[in-house]
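Participant: This is a predicted model, with the sequence first.
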Amino acid sequence: MAFPDITRELIDRIVTPPDKLIFLTGSGISYEAGYPTWDDFVINLLVGSGALPDRDSARGYLAAAGNRQVIAEGARAACHATAVKQGVDPDDAWRSLVARALHPANTPDDAIAPPTTLHYILARHAAAHGLPILTTNFDLLHEGAAADYNRSDVFVLDDFQPSESFISDNNGNDRYLPTVFHLHGYVDDTMSWEGGTLTGFTSVNPIVTQSDYNKVLHDKSSWQLELLNAIRTSGFSLFIVGHSLTDHDLQAWFEAIRNSASRSCNSDESASPTESVPLGYLVIAKESLGGLQDLGDADFADYRRLLEKQWEQLGITVLITEHFSDATTLIEEYLYRYGAGSTSRSDNQSPQERVSHIFNSVVSGNRLETTSRAFVKCATLNLKDDRLARSDVSVWLADGSHQLHRIGKQGHVFLIPEVVKTISTRPGSMWVAAQALHSETQQVETKDIEHWDAILGQRVTISQPNKPPTVCGSVTIAVQLADDADTGSKNAQDLADTIVEDHALHDYLDKLVKDVADVLERQLVPLA
């Protein structure tokens, strides 16, 4: 599901109030910020260590060998061998390689990626309730979001003692800066150049290889397990986002926590603070499930039940979304429902309900014609360029049922909904209009496009009184090169990019999206 398809039923599955919920994040949320996937990270290790000569070789090896943690053992062995030959400390060399694999460009300017919207949402939640953030990520994006890069004020921890409290009282401070616990270690990316040498760039206690995982999993008193147990016995739930189904240490830790709680209940007949509290919630994106991502709701039903039962055995409630980016919307909507308190406002409409209302308000009666004419007045793109054969501007509106409808097109007025083009909003869509729903930034496609040489897309967000912002559609601009266009030294793709820049189409699209949002807001019937 894209934003417009997130249902009340999905949000209702989160029954823990925000002041009793602690977030545990994985690499999925860092990928949205531009960090490498786990596969790309391991490829960087293999090539950086010299274990394999290039990325193609490493990619092929991953496809054949499977277990990424075991493959990382080979990269560490190659790194150690090289370090010994060079007369440097092998462990220092490995920690440095882990840091470089996270930041392949390996420059101070590249070291710190900006946090995503989700990082900022989680930082606000932690600050509001004096709670920590847990992560298995090496990067410091949570710290950046919490302190606007004033990281000296944020506690970066890779240790915990049972005698300590993971909850902070604000001590009267106006702004609480949360503790971030890095369960797998972290990369210190405070890089600088000294005498032409890159310094201050290393990893701290990274858990990467199979032996790293085995060590921490076999330690029944590891600080990670002690922290998770303390969270559980204090009546808190975990909200797990950005993790895959193959994070074996998490599964083992949850099993240990559940067993510990079960033994505690059996030995003590008094009510436990954890008895009615879910151990946690896990967001799973269908986009991460390979061929299953293309299945409709009916065909996916058996797999959904299987995933839910699988994780219920560990005390985890599964929240299945369509797209990775849906987690941001789901969490934001859940927190908005509670506001500043601990009581859910059950009358708050879900994104699906709000989008369905917007769609019906626009297309019912003669409103489609009225709205379509208003869009024609907005979309006045007139590109006079001999290099172009044609251009197009289209406005797309979601219906809350996994579909996106083209209700506006430059030079066209639509009278009835039956004549408009309809596409799917599900993951894997080749349509830029659908892809734009999942992104906070403009989408640009200049290759493998049927009929066009460049397409830009940006989602439309509207505001309603006493409601969170609602992503309800997108706007696209497309251009096609003339058959006799002189590309000079450029290929067609580069020429299309040049034309987009020459005509400032990014700026034009940004303004047009605002105009479209204004039109939609004026057309809306008030929503109760």
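Facilitator: It's in.
Participant: So residue 477 lies in a helix, does it not?
Facilitator: No. Assessed with DSSP: H, G, I helix; E, B strand; the rest coil, residue 477 is strand; it does not lie in a helix.
Participant: so the nearest residue to it once chain neighbours are set aside, which of the three states?
Facilitator: Distances taken as Cβ to Cβ, 6 or more residues apart in numbering place residue 456 nearest to residue 477, at 4.6 Å, with adjacent residues excluded. The C-beta positions use only the backbone N, C-alpha and C, and glycine is treated the same way. With three-state DSSP as the basis, residue 456 sits in strand.
Participant: residues contacting residue 456?
Facilitator: For residue 456, the contact set (Cβ atoms under 8 Å, 6 or more residues apart in numbering) comprises 432, 442, 443, 444, 476, 477, 478, 500, 505, 506, 509.
Participant: Not counting its neighbours along the chain, what's nearest the first one?
Facilitator: Same thing as residue 432. residue 457 (3.9 Å).
Participant: correct me, but that neighbour touches residue 475?
Facilitator: Yes. Using Cβ atoms under 8 Å, residue 457 is in contact with residue 475, at 7.1 Å.
Participant: ok, how many other residues are close to residue 315?
Facilitator: Residue 315 has 20 neighbours, counted by other Cβ atoms under 10 Å.
Participant: Find me the pLDDT at the residue nearest to residue 477, would you?
Facilitator: Residue 456 is assigned 94 on the pLDDT scale.
Participant: now do residue 447
Facilitator: 74.
Participant: what helix or strand is it on?
Facilitator: According to DSSP states H and E, residue 447 maps onto no helix or strand at all.
Participant: Name all residues that make contact with it.
Facilitator: Neighbouring residues of residue 447 by Cβ under 8 Å, 6+ apart: residue 493.
Participant: For residue 286, see how far away it is.
Facilitator: As judged by Cβ to Cβ, to the nearest Å, residue 447 and residue 286 stand 26 Å apart.
Participant: Ok, residue 56 next?
Facilitator: 29 Å.
Participant: Neighbour count: those two, which is higher?
Facilitator: residue 286 (24 against 11).
Participant: Burial check on the closest residue to the more buried one other than its chain neighbours, number of neighbours?
Facilitator: With sequence-adjacent residues excluded and distances taken as Cβ to Cβ, 6+ apart, residue 286 is closest to residue 293, at 4.5 Å. Residues lying near residue 293 (other Cβ under 10 Å) number 16.
Participant: What of the one 5 residues further on?
Facilitator: Residues within reach of residue 298, counting by other Cβ under 10 Å, total 7.
Participant: what comes up buried for the helix or strand it falls within?
Facilitator: Element membership of residue 298 [criterion: DSSP H and E] is helix 297-312. Applying a neighbour-count criterion of 16 or more other Cβ atoms under 10 Å, the buried positions in helix 297-312 are 300, 304, 307, 308, 311.
Participant: got it, and stretch 450-463?
Facilitator: 452, 453, 454, 455, 456, 457, 458, 459, 460, 461, 462.
Participant: In a markdown table: the residues you listed, plus distance to residue 364.
Facilitator: As requested, the buried residues of stretch 450-463 are exported to a markdown table (distance: Cβ to Cβ, whole Å):
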| residue | distance to residue 364 |
| --- | --- |
| 452 | 32 |
| 453 | 37 |
| 454 | 35 |
| 455 | 30 |
| 456 | 30 |
| 457 | 26 |
| 458 | 26 |
| 459 | 23 |
| 460 | 19 |
| 461 | 22 |
| 462 | 17 |
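Participant: Pull the most distant pair out of the residues you listed.
Facilitator: Pairwise distances across these peak at 30.8 Å for 453 and 462 (criterion: Cβ to Cβ).
Participant: Relative to residue 97, how far out is the residue nearest to residue 432?
Facilitator: Applying Cβ to Cβ to residue 457 and residue 97 gives a distance of 38 Å.
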